[in-house]
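Participant: here is my input, please return the structure:
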Amino acid sequence: MPNACNIKVKASIASKYSWIQDYMDENCGKTLNLDTYFRLQASRKSSLSSGLNCSVDIFATSKKLGGSARVHARLLSINMPFSTPVSGCDRVKLELHDGIRNKTLITPKNGLCGDSLYNSYSYVTVNDNFMTFTLTTNPSPQIGTFDAIITNFHQLEDPNDACLNGWWRCGNDRCVDPSTKCNTFDNCGDNTDETYEKCKPTMYFYENCGQEIHVYDAVHLKLKRSGSSLIPNTVCDNIVVSHSKSSGVGAPAQVYAHFRSINLQQKVSGNCTAARLDVFDGLRNKKRISGSEGLCGTSLQTVDYTTDQDNFMPIEFTTDGSNQVGSFEITLTNFHTGECLAGEFRCRNGRCVDSTVQCDGYQNCGDNSDNVSELCSVIAGLAAGAIVAIVLSAIFFVIFLPICIIVVMGRRRRNRYSGI
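Facilitator: Numbering: from 1, shown residues only. Down below sits the predicted model:
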């Protein structure tokens, strides 16, 4: 007999907790209340029970009468056995359905399994405010898991409408809880909760294949959220977009990419064959600026790349069919030349970058002038002085101000009685 596992997840508006992580096999038959978003994985362990038949009903409640709350499920990773193209996911299978009354399968008919690019796995409810997760395994124990972020949101039908109760408006007119901003997860579905101005997020290449990464000040881009196994036979591309801070024609935005680290297979016969990165300048007239042989290995001859044609920098990552591990980390910075604007820092090389990137330990200028020790010492000293001033002010208001009031009141009383 298969194991029956039913989880009902309710998304409500009143805030109980902002984020929680749960595991399907530990909550079978339970109801989990969700207010904003939560992280769901198949199991805390790497193994899955045999004969598992586990369903999760996710229910999103509306923020307003007549409004339409929905469920957004974003798969961060999938690592479950895949049999053959014919049999498909016959060992472990994950399915998602839209709706509770008229359930519609929104995942492929053979289910989700294997190791795949995660950017394709973003699902929302349309029929109603219910989404069902179903995880099944065959009679033998299996190794594998998945990782998903599930978000409660409501969709604005009129662009002139505003989000309710302090919720935050995404670029796609979805409304989400403000706690989703800058949490490294794509809760909006278009990444605007992670790439809006002043966010400076850490983002992950594999989770954003085929998407745009918007840079207002700086973004730290890593290959994966966890682990180092690469997905074989894949091409993953990100398009980095740098946004201008000027409303005028001047100061066009550019992208500066600095490779902090790279750890991929070495070149074979002078070319990157097992895994390779390619960096391009421009979107319409795309020009490769990272060399025809690609980027790989553990060290690079050139670690800095900038755009000249426009404010777009496409980056592509390709792997062959072999099983391999690897990683890389890139700092992406929005900059422009010419006259710096308010709130910007002028680098020694003439570039203008957002002042918030100063002394953050990352290479944002291209000449490291944003991390000069003398400058950072002054900023650290000013910050320390501000903290001391705040502490002394607090001490004055908490201790000395009441004493002064007591002394003044005592003098007034003595003066009043001396005149009797």
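Participant: show me how the protein divides into domains.
Facilitator: Following automatic domain parsing, one finds the domains of the chain at 3-180, 197-371.
Participant: any idea how far residue 96 lies from residue 185?
Facilitator: Distance of residue 96 to residue 185, given as Cβ to Cβ, to the nearest Å: 18 Å. All C-beta spots, glycine's among them, are computed from the backbone N, C-alpha and C.
Participant: what sits against the one residue sitting closest to the centre of the chain?
Facilitator: In the chain, the centroid-proximal residue (Cα atoms, centre = their mean) is residue 184; its distance is 2.6 Å. Going by Cβ atoms under 8 Å, 6 or more residues apart in numbering, residue 184 touches 194, 201, 202, 203, 204, 225.
Participant: before we move on, what about residue 337?
Facilitator: Applying Cβ under 8 Å, 6+ apart, the residues contacting residue 337 are 251, 254, 350, 351, 352.
Participant: what are the phi and psi angles of it?
Facilitator: Residue 337 adopts backbone torsions of phi -110, psi -180, taken as degrees, to the nearest 10.
Participant: can you check residue 160 too?
Facilitator: phi -90, psi -10.
Participant: look up how far residue 169 lies from it.
Facilitator: As judged by Cβ to Cβ, residue 160 and residue 169 stand 12 Å apart.
Participant: who has more neighbours out of these two?
Facilitator: residue 169 (16 against 5; other Cβ atoms under 10 Å).
Participant: got the buried residues for stretch 25-40?
Facilitator: 25, 27, 28, 32, 34, 35, 36, 37, 38, 40 (16 or more other Cβ atoms under 10 Å).
Participant: report the secondary structure state of residue 109.
Facilitator: coil (DSSP: H, G, I helix; E, B strand; the rest coil).
Participant: got any ranges where the stretch 151-300 of the chain has weak pLDDT?
Facilitator: Along the stretch 151-300 of the chain, the model assigns pLDDT under 70 to residues 197-198, 245-251.
Participant: now do the helices in it.
Facilitator: Secondary structure of the stretch 151-300 of the chain, counting by DSSP state H, counting those that start in this stretch: helices at 192-195.
Participant: any chance you could map the strands in it?
Facilitator: 168-169, 174-176, 202-204, 212-215, 218-222, 235-242, 254-263, 275-281, 287-288 (DSSP state E, counting those that start in this stretch).
Participant: closest one to residue 48 among those strands?
Facilitator: Closest to residue 48 of these, according to Cβ to Cβ: strand 202-204, at 24.5 Å.
Participant: just the element for the nearest residue to residue 256 once chain neighbours are set aside, please.
Facilitator: Spatial nearest neighbour of residue 256, chain neighbours left out: residue 333 (4.5 Å); criterion: Cβ to Cβ, 6 or more residues apart in numbering. Using DSSP states H and E, residue 333 falls within strand 327-335.
Participant: list the neighbouring strands of that strand plus their orientation.
Facilitator: Strand 327-335 has its sheet partners listed here by DSSP bridges as strand 218-222 (antiparallel), strand 254-263 (antiparallel).
Participant: include mean neighbour count and distance to residue 151 when you put those strands into JSON lines, please.
Facilitator: JSON lines is the format used below for the strands paired with strand 327-335 (neighbours: other Cβ atoms under 10 Å; distance: least, Cβ to Cβ, whole Å):
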{"stretch": "strand 218-222", "mean neighbour count": "21", "distance to residue 151": "21"}
{"stretch": "strand 254-263", "mean neighbour count": "20", "distance to residue 151": "29"}
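Participant: the ones you listed into a markdown table, with extra columns for distance to residue 54?
Facilitator: Below are those laid out as a markdown table (distance: least, Cβ to Cβ, whole Å):
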| stretch | distance to residue 54 |
| --- | --- |
| strand 218-222 | 31 |
| strand 254-263 | 37 |
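Participant: quick one: residue 258 from residue 358, how far?
Facilitator: Distance from residue 258 to residue 358, by Cβ to Cβ: 15 Å.
Participant: tally up the residues packed near residue 71, please.
Facilitator: 24.
Participant: and it, how close does it get to residue 133?
Facilitator: With distances taken as Cβ to Cβ, residue 71 is found 10 Å from residue 133.
Participant: mutual contacts of those two, please.
Facilitator: Counting by Cβ under 8 Å, 6+ apart, the common neighbours of residue 71 and residue 133 are residue 58.
Participant: for the nearest residue to residue 182 once chain neighbours are set aside, which residues are in contact?
Facilitator: The shortest distance from residue 182 to any non-neighbouring residue, by Cβ to Cβ, 6+ apart, is to residue 199 (4.7 Å). Each residue near residue 199 by Cβ under 8 Å, 6+ apart is listed here: 181, 182, 216, 217.
Participant: which residues does the residue nearest to residue 318 when sequence neighbours are not counted contact?
Facilitator: Spatial nearest neighbour of residue 318, chain neighbours left out: residue 235 (5.0 Å); criterion: Cβ to Cβ, 6+ apart. Counting by Cβ under 8 Å, 6+ apart, residue 235 touches 316, 317, 318.
Participant: hmm, residue 238 is touching residue 204, no?
Facilitator: No. Between residue 238 and residue 204 there is no contact, the gap being 10.0 Å when judged by Cβ atoms under 8 Å.
Participant: quick one: which of the two has more around it?
Facilitator: Taking neighbours as other Cβ under 10 Å, residue 238 and residue 204 compare with residue 238 leading, 25 against 21.
Participant: could you measure from that one over to residue 89?
Facilitator: 28 Å.
Participant: related to what we said a few turns ago, neighbours around the residue nearest to residue 256, how many?
Facilitator: 26.
Participant: which parts of stretch 125-133 are buried?
Facilitator: Buried positions in stretch 125-133, judged by neighbour count with 16+ other Cβ under 10 Å: 125, 128, 129, 130, 131, 132, 133.
Participant: hmm, who's touching stretch 36-47?
Facilitator: With Cβ under 8 Å, 6+ apart, stretch 36-47 has contacts from 9, 15, 18-26, 32, 48, 56, 80, 94, 133, 135, 141-152, 176-177, 179-180, 185, 187.
Participant: cutoff 6 Å now
Facilitator: Residues from elsewhere that reach stretch 36-47 (Cβ atoms under 6 Å, 6 or more residues apart in numbering): 18, 20-25, 135, 141, 143, 145-151, 177, 179-180, 187.
Participant: what is the mean pLDDT for it?
Facilitator: Averaging pLDDT along stretch 36-47 yields 90.
Participant: please compute how far it lies from its chain's middle.
Facilitator: Going by Cα atoms, centre = their mean, to the nearest Å, the spacing between the C-alpha centre of stretch 36-47 and its chain's C-alpha centre is 17 Å.
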